[in-house]
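Trainee: Structure for the following, please:
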Amino acid sequence: MIDRTGLAEFLRRRREALQPEDVGLPRGRRRRTSGLRREEVAALCHMSADYYARLERQRGPHPSEQMTASIAQGLHLSLDERDHLFRLAGHTPPARGADSEHVGPGLLRILDRLHDTPAEIVTELGETLRQTPLGIALTGDLTVYSGPARSIGYRWFTEPDTRKLYAPEDHALLTRVFVSGLRAVATLRGPGSRAARYADLLLARSAEFRRVWDDHEIGIRPHEVKHFVHPELGALELTCQTLLDPDQSHRLLVYTAAPGSESHEKLRLLSVVGARALR
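Mentor: Numbers count the residues shown, from 1 in each chain. Predicted coordinates for the structure are as follows:
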């Protein structure tokens, strides 16, 4: 059962412990609140300020598992804190490990500070969990997909438009990278895993996937420099740096351009393109 008192007190304490700069928000000059305001947390959790405020006042509805997960992510909770929150809300905590979609607070703190850089947090199957605004401007909002299509490796073989974002000369290598990566994860996680299921689906749907899968390649790595083809800005050469959270098998991908290069100037323009797209 839900522990309304414990839930309210835990939410309030975690909110008060967070500072604006911890979550990428400006502090402002007239802030008197200890920690974040309720409306700021509500925005981070993708819910109404009234809904969140009622939870802190022990008068809210019983939050669903999906809503509880959103609160845990918005408050930048650790895995232990997330599990505690789920129990207070009357739910069984989600599984940890490779299938978990709870992004650790360390990766989130880094992502929240990358205002001027395309970046994203992805699972080991290439499912995008979070993006910076410039990340969305570069590749589009990749968090909108559902089911197997959440994986870029799956979309690569089932949705032809996916390849338009990448330079044609890189397509052959990327094909091998996605197949090799999926084979490695499917072997690591076992026959009943999501990776194994995606492989079965692709074997049934894509002749190209079947052909490359039969080569049994493992360990194929993408080039450090990625060649994107943006629909408005054209070709961009971006270096991809990766930070791994081994507990969750999540990766933070950060895309940068060499200073003074044409791609560096295009990244500056990308912020304008992204802001225009949000209007």
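
Trainee: list the contacts for residue 103?
Mentor: Counting by CB atoms under 8 Å, 6 or more residues apart in numbering, residue 103 makes contact with 73, 121, 129, 130, 245, 248, 250. Every residue, glycine included, has its C-beta placed from N, CA and C.

Trainee: helix/strand/coil for it?
Mentor: At residue 103 the chain is in coil, as set by DSSP: H, G, I helix; E, B strand; the rest coil.

Trainee: quick revisit: which of the contacts of residue 103 are buried? Put it as a PyMOL command.
Mentor: The buried subset of those, as determined by 16 or more other CB atoms under 10 Å, is captured in PyMOL by this line:
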select buried, resi 73+121+129+130+248+250
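
Trainee: Please identify which two of the contacts of residue 103 are farthest apart in space.
Mentor: 73 and 245 (13.9 Å; CB to CB).

Trainee: Using pLDDT, spot the least trustworthy of the contacts of residue 103.
Mentor: Ranked by pLDDT, these bottom out at residue 248 (81).

Trainee: Hmm, that one is touching residue 97, no?
Mentor: Yes. If you go by CB atoms under 8 Å, residue 248 and residue 97 touch, sitting 7.3 Å apart.

Trainee: all strands of the stretch 151-279 of the chain, in order?
Mentor: Secondary structure of the stretch 151-279 of the chain by DSSP state E, counting those that start in this stretch: the strands cover 225-230, 234-245, 250-256.

Trainee: Single out the most deeply packed of those strands.
Mentor: Greatest average neighbour count among those goes to strand 250-256 (a mean of 20), per mean count of other CB atoms under 10 Å.

Trainee: Next, the angle from that one to strand 225-230.
Mentor: Put simply, strand 250-256 runs at 80 degrees to strand 225-230, going by axes from the mean of the first three to the mean of the last three CA atoms, to 10 degrees.

Trainee: Provide the strand pairings for strand 250-256, with the direction of each partner.
Mentor: Here strand 250-256 has these sheet partners by DSSP bridges: strand 119-122 (antiparallel), strand 234-245 (antiparallel).

Trainee: mind saving the C-alpha coords of that strand as PDB?
Mentor: Extracted as PDB, the C-alpha positions of strand 250-256 are listed here (Å, rounded to 0.1, in the frame of the first residue of the first chain):
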ATOM      1  CA  HIS A 250      23.900   3.300 -20.400                       C
ATOM      2  CA  ARG A 251      26.200   5.400 -22.500                       C
ATOM      3  CA  LEU A 252      26.400   9.200 -22.700                       C
ATOM      4  CA  LEU A 253      27.300  10.200 -26.300                       C
ATOM      5  CA  VAL A 254      28.700  13.700 -26.800                       C
ATOM      6  CA  TYR A 255      29.200  15.100 -30.300                       C
ATOM      7  CA  THR A 256      31.800  17.900 -30.800                       C
END
